[in-house]
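A.B. asks: Give me a 3D structure for the following:
(4 chains)
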Number of protein chains: 2
Amino acid sequence: MRTAEREGQVQWALEICRSQGLRHTHSLARILQELVKKDNPVNLSELNKVLQAEAECDPATTYRCLIKLERIGVVRRLGLHDRAAYYVLLTPGSHHDYLICTDCGSIDRIDMECPVHALEESLQKKSGFRKLYHELEFYGQCPKCQRDV
Amino acid sequence: MRTAEREGQVQWALEICRSQGLRHTHSLARILQELVKKDNPVNLSELNKVLQAEAECDPATTYRCLIKLERIGVVRRLGLHDRAAYYVLLTPGSHHDYLICTDCGSIDRIDMECPVHALEESLQKKSGFRKLYHELEFYGQCPKCQRDV
DNA sequence: ATACATGCAAACATTTTGCTTTGGC
DNA sequence: GCCAAAGCAAAATGTTTGCATGTAT
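C.D. replies: The predicted structure is shown next:
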């Protein structure tokens, strides 16, 4: 991804934040930048490793920011197998499924057409649930970890 | 599910445990019984609420049992959204996807043909991952929680 | 000026481990 | 009798909250 493209995503997110009444603070901007830069689910401690190291924001702040961002629909929180919660930026039209190694925990985005969209719609009608979305992850042992046994 | 059927599942699981070298203890049997009875993903604290109350087994024991059960392929650990680890019995031929309420946390099993199986196979070839399986969950707001707003 | 956001520290929840004792084989 | 499993208690990990202070609007 090009720098300009990243910058655009950050701007897009900040725009939504502003329109939803969040204040434009240094912490918020930095968190969004990191999320865009990683371009993959990240958990709190990973984020904090970067941000705290630079004394740019406190873990509690990161945590609270992410909650707000989730509430306004800018990020999504994923429950991957780890004990930690993971967060991804929800840029428009971007939905991703993941391939995760049960041994080393590596997370790869799967580039394929998601096969679940159609079902999601019919399920929404059948179940009466609202605001439906899904999470799809494949787990297994990655090539590297197969060798390391 | 009928009692006899349940009993059969427990026996099936115990059989595998034995063949894999696990000892047939009271705790193990009780944990399997609970898992069969719930017939839905359960987390540690739910299990312990029942088992500890009856002084039937210690949380640490439950925890360690589940790890063993997972290792030998009798249960699967799921990473649902509330960050507690959930466990389900993996009876042969049973794969389930879930519909989960983001508000109250209710977990419903979805009775539909899983649309991901075919993809799983091709992904296994393409990625070089081994022992691939997937986890698919739909999240949304259930009818009851829509009313409660 | 006001309300929201931050930082720090402490509280919580849950999982994981160490060690001694018990009990299945 | 031997070794895996259980029980108890403590450590580790990660999340969440309280409160005083700072800062965007």
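A.B. asks: Contact partners for A:E46?
C.D. replies: Shown in contact with A:E46 (C-beta atoms under 8 Å, 6 or more residues apart in numbering or on different chains): A:K38. Heads up, the C-betas are built off the backbone N, CA and C, glycines and all.
A.B. asks: cool, the one 10 residues further on as well?
C.D. replies: Under the criterion of C-beta under 8 Å, 6+ apart, the contact partners of A:E56 comprise A:H26, A:S27, A:R30.
A.B. asks: confidence score at it?
C.D. replies: The model reports A:E56 with a pLDDT of 82.
A.B. asks: what about it, which SS state?
C.D. replies: Recorded secondary structure, A:E56: coil (DSSP: H, G, I helix; E, B strand; the rest coil).
A.B. asks: Render the CA-only coordinates of whichever strand in chain A runs longest in PDB, please.
C.D. replies: Across chain A, the longest stretch assigned as strand under DSSP state E is strand A:130-141. Only the C-alpha atoms of strand A:130-141 are listed here, as PDB (Å, rounded to 0.1, in the frame of the first residue of the first chain):
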ATOM      1  CA  ARG A 130     -30.100  -7.000  13.100                       C
ATOM      2  CA  LYS A 131     -26.800  -5.600  12.100                       C
ATOM      3  CA  LEU A 132     -25.500  -8.900  11.100                       C
ATOM      4  CA  TYR A 133     -21.800  -9.500  10.200                       C
ATOM      5  CA  HIS A 134     -19.600 -12.500  10.400                       C
ATOM      6  CA  GLU A 135     -16.200 -13.600  11.300                       C
ATOM      7  CA  LEU A 136     -14.600 -16.500   9.500                       C
ATOM      8  CA  GLU A 137     -11.200 -17.900  10.400                       C
ATOM      9  CA  PHE A 138      -9.300 -20.900   9.200                       C
ATOM     10  CA  TYR A 139      -6.900 -22.500  11.700                       C
ATOM     11  CA  GLY A 140      -4.200 -24.900  11.000                       C
ATOM     12  CA  GLN A 141      -0.400 -25.500  11.200                       C
END
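A.B. asks: For it, buried residues please.
C.D. replies: For strand A:130-141, a neighbour-count test (16 or more other C-beta atoms under 10 Å in any protein chain shown) marks A:L132, A:H134, A:E135, A:L136, A:E137, A:F138, A:Y139, A:G140, A:Q141 as buried.
A.B. asks: now do stretch A:100-113
C.D. replies: Using 16+ other C-beta under 10 Å as the test for burial, stretch A:100-113 gives A:I100, A:C101, A:T102, A:I107, A:D108, A:I110.
A.B. asks: Show me what A:I110 bridges to in the sheet.
C.D. replies: Beta bridges link A:I110 to A:D97 when assigned by DSSP bridges.
A.B. asks: With the flanking residues excluded, which residue is spatially nearest to the residue nearest the centre of chain A?
C.D. replies: Chain A has A:V88 as the residue nearest its centroid, 0.8 Å off, counting by C-alpha atoms, centre = their mean. Closest residue to A:V88 apart from its sequence neighbours, by C-beta to C-beta, 6 or more residues apart in numbering or on different chains: A:P41 at 4.8 Å.
A.B. asks: need the residues of chain A near chain B, please.
C.D. replies: For chain A, the residues in contact with chain B (C-beta under 8 Å from any C-beta of the partner chain) are A:77, A:79-85, A:99, A:101-102, A:108, A:110, A:112, A:115-116, A:119-120, A:123-124, A:127-143, A:146.
A.B. asks: If we use 6 Å, what do you get?
C.D. replies: Selection of chain A residues close to chain B by C-beta under 6 Å from any C-beta of the partner chain yields A:79-81, A:85, A:115, A:119, A:128-143, A:146.
A.B. asks: now the biggest helix by length in chain A, how far from the centre of its chain.
C.D. replies: For chain A, the helix with the greatest residue count under DSSP state H is helix A:3-19. Put simply, helix A:3-19 sits 15 Å off its chain's centre (C-alpha atoms, centre = their mean, to the nearest Å).
A.B. asks: Downstream of it, the next helix or strand is which one?
C.D. replies: Once helix A:3-19 ends, the next helix or strand along the chain (criterion: DSSP states H and E) is helix A:26-38.
A.B. asks: Does DNA strand C have contacts with the following helix or strand past that next one?
C.D. replies: Using DSSP H and E, the helix or strand that follows helix A:26-38 towards the C-terminus is strand A:42-43. No: shown here: strand A:42-43 not in contact with DNA strand C (C-beta under 7 Å from any atom of the strand), separated by at least 14.0 Å.
A.B. asks: list the contacts for the residue nearest to A:Q141 when sequence neighbours are not counted?
C.D. replies: Distances taken as C-beta to C-beta, 6+ apart place B:R130 nearest to A:Q141, at 4.6 Å, with adjacent residues excluded. Residues in contact with B:R130 (C-beta atoms under 6 Å, 6 or more residues apart in numbering or on different chains) are A:G140, A:Q141, A:Q146.
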